[in-house]
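**Q** Fold the following, please.
(one chain, ligands or ions: 2)
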Amino acid sequence: MRHKVLSAAQIRSSFIDFFKSKGHEFVPSSPIVPINDQTLLFANAGMNQFKDIFLGLVSPEYSRAVNSQKCLRVSGKHNDLEEVGKDTYHHTFFEMLGNWSFDDYFKAEAIEWAWQLLTEVWGIEPGRLWATVFAGDKADGLPEDEEAAKLWTKVTPISPDRVLAFGRKDNFWEMGDTGPCGPCSEIHIDLGPDMCDKKDVPGHSCGVNAGCSRFIELWNLVFIQYNRTENGKLLSLGAKYVDTGAGLERIAAVLQNKKSNYDTDLFMPVIDRISGITGHKYTSRLGNKTDNAFRVIADHIRTLVFAITDGAIPSNEGRGYVIRRILRRASRYARVLGMHEPFIYKLVPIVVDTMSDAFGEIKERADFVSTVIESEEASFGRTLDRGIEIFADAAERAEHTADKTISGEDAFQLYDTYGFPLDLTQLMANERGLKVDTVKFEELMEEQRQRARAAQKSDSLMPTLADAELPVTEDMQKYRMDSCDALIVGWIDKEGLKNKGKITAGDEVAIILDKTCFYAEAGGQVGDCGIIKSDKGQFIVEGTTKIANCVLHQGRVAEGAFNVGDKVTATVSKDRNSIKKNHTATHLLQWALQDVLGKSVAQQGSFVGPDYLRFDFTYPKAPSPEELKEAEQKVREKIAEDLPVTWAVLPKEQAQKLGAMALFGEKYGSEVRVVGIGAESENGISEAISREFCGGTHVDRLGSIGGFKIIKEESISAGVRRITALTGHGLAKYLEQRSDIVDQLSQMLKVPAEAVSNRVEQLLAENKRLAKELKTAGTSSGPDIMSEAQTLLQKCEKIGGAHIIVGRISTTPIERAREAVDMLKKKAKSAAIVLGFADGDKVTLLSGVTDDLIKKGLKAGDIVKAIAPIVDGGGGGRPQMAQAGGKKPEKINDALNKAAEIIKEKLVSR
Ligand code: ATP
Ligand code: MG
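**A** Numbering: from 1, shown residues only. Ligands and ions are numbered 1, 2, ... in the order given. I've put the predicted structure just below:
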């Protein structure tokens, strides 16, 4: 029986349709950058987004689900980076097709349906398939999965000798060090003896999990029954779950009769494009340097497109550094294909063409992604070629060491000066059969970190405190009032936390109250300033911050004294009003920018203070002045409509469903505060024009913002723009200053304000005209060196076709004399030139020789070197152009005569 031949798109949809027909709900892939999971850098399996369901934290809305998940395996427990390109079936980015049961069906159905889809729907020959089950694990106290083993032969026609048991490494699936996990049952395919890549390894015998590429895993059926906790223990979950994952790329290779995933319709368009750009041919061979570069680049560009689309940006730490490493690896492979200019970004459109039907988001952000990649490529490109040379020297040295190891110092220099991530150096070392001293490298890294820390030492008075020591401050009043009564619980001074004693005038501390209406710095909004008063003293609050749930009022005692237990009144400064206006305006601005520029606008950060607001967002290019005006106008319209602003605290899932905008990478709790603009009450929040996850303070109605103006738009890094804008008080102040400037100009120019710009324009034009006149006047004065040189050319002696132009010219700036030599070289075509002139008692000798005569052994540098001593000087230069200075103007002619002699001698003797 022959199996079906299907495109990747058909495979994806037939998988989804098959499970839909079995009562599964289609759930879109979660973003590759997990929004709310700090335990994971990137999505690495389909189950990530269902983790909270497995842990019993949320209940699912459906009991069966199916999807195609975007996965990245470049870090942590699942890291396939080293395999990429070397084999045909491990990628950094891949799609995992999966079906789930949330305490509904279990092993029997999971096994039966997987078999049915593979053999009946897709028609893969059963004789090529093998199954594995969990053999148990003593250390974890887990028994063998006999149930699964029995089911295989019961619900499928597979022959019993093709059901094999393996241990924890192969058949116990875990997403990371902690989290839901369980025994699994895998389906492998036998690709035939030809595909074995270990034929030459003595003692190798092909088989499932035997380490060669003849048998590869297609589909993993995981039976989630446990949760691994931080101490490594396994806890039984209350319910039973099915979690399966099948690699789309591997199935595509099988169904398209290809020997490699790279030969399928998922990769070939990208490979063809690389070929088109670089001029190299892809020949699909493993172990071939060029082909390997093709595979790595085709793999990495997919990763980059998906990861950057979902919010990862190249940087020096965390997720960002993983992305940077991938891009730098790709850049280095681009060198293998002879590409020295940025080119990987040119592959973005082809990835978008191939993948955007299934994942529309990559189309929306394609321009942004290109911009980010190109700029990273360009900046790394500036040091890469030099780094490759440095590496070659280091490798050379390593060849001579006993253990063939590149030193930690060299690896560190490559990292620090040339931007080579350690794994890139390792990879290049590996290619030459060398190792890298990573221990020393890490030591040097740590030293550098310590230096950075020392240099950064904050001037804050805060000692380091454990979160647990600190009391909790009740601070919900910050949303409701500007003043409240409270008790002093303690304070922190240079020595640490104090919960008894006294502070007096001049003391600088951070006061802790039992409750407060002060807003502690968070989410871009600055912490409040204000005053804490009692009948015995006054404390000026200069800033407010929060450590864990403890609010710290930092400042100094201005008058009197305070004791722990004192009753006080805490009053926020009037600045709070300006801060609220700026914060609400920031939300409005994001809404307006998305409206005008589209969905590629996503917040990257913000600053909200009393004087101005700043909003950073992703966008591939500079918005036009018209677009900015339009966004500004939209904000103003909403302010004029005086819409209400409300907020609600909602479960995170509900807020996400409402489409509330969250900040990438920000950690939110299970309940979040959502601020809505344009809703009268909490219940109307779903109708709000803008909804954002936000813990900040806001105006009640837009009207009180009182005006809005963008004063600056700039780029802060590749693909990230920054807008600075003003509202209310800050705006009024700004407008007044501007108005003063116009008044001053109007007085200076003696015209009414409306005519100022016309007048300035006139003045500028006049200025330009005068400057031009001055310049031409300047050139007409002084000696005309060019015509003097011209005369020397006309009168010069010739030997063969070569002109011997030697002579004295008038005093002139050296640049002019050089221009004259250049002009003579061009005009004469073949010439040896020596010009000399004096300026006071300084002599300059200048020589130029055309390339044809250089070949005959005549060099400008030699000529000046020979004649400079005559004028009591020295000099030199290149064969083409050289220069000397001297101190005896009376000897210039002697020097020139000598020069002519030297030249003639050289030319005649040839
Ligand atoms: P392998 O042993 O081949 O690395 P795995 O055990 O790491 O696979 P799982 O974690 O069980 O794989 O993932 C489920 C499925 O996803 C696999 O059966 C395979 O089809 C696919 N898959 C896993 N890793 C990759 C990868 N790096 N590239 C492409 N597909 C992959
Ligand atoms: Mg793996």
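**Q** which ones are touching N292?
**A** Going by C-beta atoms under 8 Å, 6 or more residues apart in numbering, N292 touches G85, K86, L286, Y333, V336. Any C-beta I mention is one placed from the backbone N, CA and C, and that applies to glycine too.
**Q** and it, that one's in a helix?
**A** Yes - the assignment for N292 by DSSP: H, G, I helix; E, B strand; the rest coil puts it in a helix.
**Q** From ligand 1, how far out is it?
**A** N292 sits 16 Å away from ligand 1, taking C-beta to the nearest ligand atom, to the nearest Å as the criterion.
**Q** do you know how far R273 is from V348?
**A** R273 is 10 Å from V348, where distance means C-beta to C-beta, to the nearest Å.
**Q** what's the answer for M481, then?
**A** Note on M481: its distance to V348, by C-beta to C-beta, is 51 Å.
**Q** Between these two, which has more neighbouring residues?
**A** In this view M481 and V348 are compared by other C-beta atoms under 10 Å, and V348 has more residues nearby, 25 against 10.
**Q** check contacts around the more buried one.
**A** The neighbours of V348, taking C-beta under 8 Å, 6+ apart as the test, are I301, V305, A366, V369, S370, I373.
**Q** again, but for L234
**A** D140, G141, L142, C181, Y226, N227, R228.
**Q** what do you get if the cut-off is 6 Å, keeping everything else the same?
**A** For L234, the residues meeting the contact criterion (C-beta atoms under 6 Å, 6 or more residues apart in numbering) are D140, Y226, R228.
**Q** Look up which residues are beta-bridged to the residue in the stretch 201-350 of the chain that ligand 1 sits nearest to.
**A** Ranking the residues of the stretch 201-350 of the chain by distance to ligand 1 (C-beta to the nearest ligand atom) places G247 first, at 2.7 Å. In this structure, G247 bridges to M96 when assessed by DSSP bridges.
**Q** and it, how many residues sit next to it?
**A** By the criterion of other C-beta under 10 Å, G247 has 22 neighbours.
**Q** Poorly predicted segments of this structure, please.
**A** Across the chain, the stretches falling below the confidence threshold (pLDDT under 70) are 1, 36-39, 455-468, 663-669, 775-782, 910.
**Q** coming back round to it: who wins for neighbours among the contacts of L234?
**A** Taking other C-beta under 10 Å to define a neighbour, the member of the contacts of L234 with the most is Y226, carrying 21 neighbours.
**Q** ok, it - contacts?
**A** For Y226, the contacting residues are C181, G182, L234, taking C-beta under 6 Å, 6+ apart as the criterion.
**Q** which helices and strands does the helix or strand harbouring the first one pack with?
**A** In other words, C181. Under DSSP states H and E, the secondary-structure element containing C181 is strand 179-190. For strand 179-190, the packing partners by 3 or more C-beta pairs under 6 Å, 6 or more residues apart in numbering; DSSP states H and E come out as strand 129-134, strand 172-174, strand 215-228.
**Q** F837 and I809 touch, don't they?
**A** Yes - F837 sits in contact with I809 when judged by C-beta atoms under 6 Å, with a separation of 5.0 Å.
**Q** burial of L597, as a residue count?
**A** Neighbours of L597 (other C-beta under 10 Å): 20.
**Q** Check the one 10 residues further on too.
**A** Around F607 sit 16 other residues, with neighbours defined as other C-beta under 10 Å.
**Q** any idea which helix or strand carries it?
**A** Short version: F607 belongs to strand 603-608, going by DSSP H and E.
**Q** Report the buried residues of that strand.
**A** Taking 16 or more other C-beta atoms under 10 Å as the basis for neighbour counts, the residues of strand 603-608 that come out buried are Q603, Q604, S606, F607, V608.
**Q** swap in stretch 736-752?
**A** Counting neighbours by 16+ other C-beta under 10 Å, one finds that the buried residues in stretch 736-752 are S746, L749, V751.
**Q** repeat for stretch 398-406
**A** Neighbour-count burial for stretch 398-406, with 16+ other C-beta under 10 Å as criterion, is recorded at A398, T405, I406.
**Q** And those, which is closest to S29?
**A** Closest to S29 out of the buried residues of stretch 398-406 is I406 (40.1 Å), distances taken as C-beta to C-beta.
**Q** Let me know whether the closest one touches E399 as I believe.
**A** No - taking contacts as C-beta under 6 Å, I406 lies outside contact range of E399: 9.7 Å.
**Q** Helix, strand or coil: sort out A866 for me.
**A** Local secondary structure at A866 is given as helix here, using three-state DSSP.
**Q** ok, it to ligand 1 distance?
**A** Counting by C-beta to the nearest ligand atom, the gap from A866 to ligand 1 is 69 Å.
**Q** if I pick that residue, what's in contact with it?
**A** Taking C-beta under 6 Å, 6+ apart as the contact definition, A866 lies against I902.
**Q** ok, H300 - contacts?
**A** For H300, the contact set (C-beta under 6 Å, 6+ apart) comprises I326, A330.
**Q** can you tell me the helix or strand for it?
**A** Secondary structure (DSSP H and E) places H300 in helix 289-309.
**Q** now that helix, how far from the chain's geometric center?
**A** Average the C-alpha atoms of helix 289-309, do the same for its chain, and the two points are 16 Å apart (C-alpha atoms, centre = their mean, to the nearest Å).
**Q** Please apply the same query to stretch 890-904.
**A** Between the mean C-alpha position of stretch 890-904 and that of its chain there is a distance of 63 Å (C-alpha atoms, centre = their mean).
**Q** can I have it written out in PDB, keeping just the CAs?
**A** Provided in PDB are the C-alpha atoms of stretch 890-904 (Å, rounded to 0.1, in the frame of the first residue of the first chain):
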ATOM      1  CA  GLU A 890      67.400  77.900  -0.700                       C
ATOM      2  CA  LYS A 891      68.000  74.200  -1.600                       C
ATOM      3  CA  ILE A 892      64.700  73.500  -3.200                       C
ATOM      4  CA  ASN A 893      66.000  73.700  -6.700                       C
ATOM      5  CA  ASP A 894      68.900  71.300  -5.800                       C
ATOM      6  CA  ALA A 895      66.400  68.800  -4.500                       C
ATOM      7  CA  LEU A 896      64.300  69.100  -7.600                       C
ATOM      8  CA  ASN A 897      67.300  68.600  -9.900                       C
ATOM      9  CA  LYS A 898      68.300  65.600  -7.900                       C
ATOM     10  CA  ALA A 899      64.700  64.200  -8.200                       C
ATOM     11  CA  ALA A 900      64.700  64.600 -12.000                       C
ATOM     12  CA  GLU A 901      68.100  62.800 -12.100                       C
ATOM     13  CA  ILE A 902      66.800  59.900 -10.100                       C
ATOM     14  CA  ILE A 903      63.700  59.500 -12.200                       C
ATOM     15  CA  LYS A 904      65.600  59.600 -15.500                       C
END
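**Q** In that stretch, which residues are buried?
**A** K891, I892, A895, L896, K898, A899, A900, I902, I903, K904.
**Q** Just name the closest of those residues to L117, please.
**A** Using C-beta to C-beta, I903 is the member of the buried residues of stretch 890-904 that lies nearest L117, at 87.6 Å.
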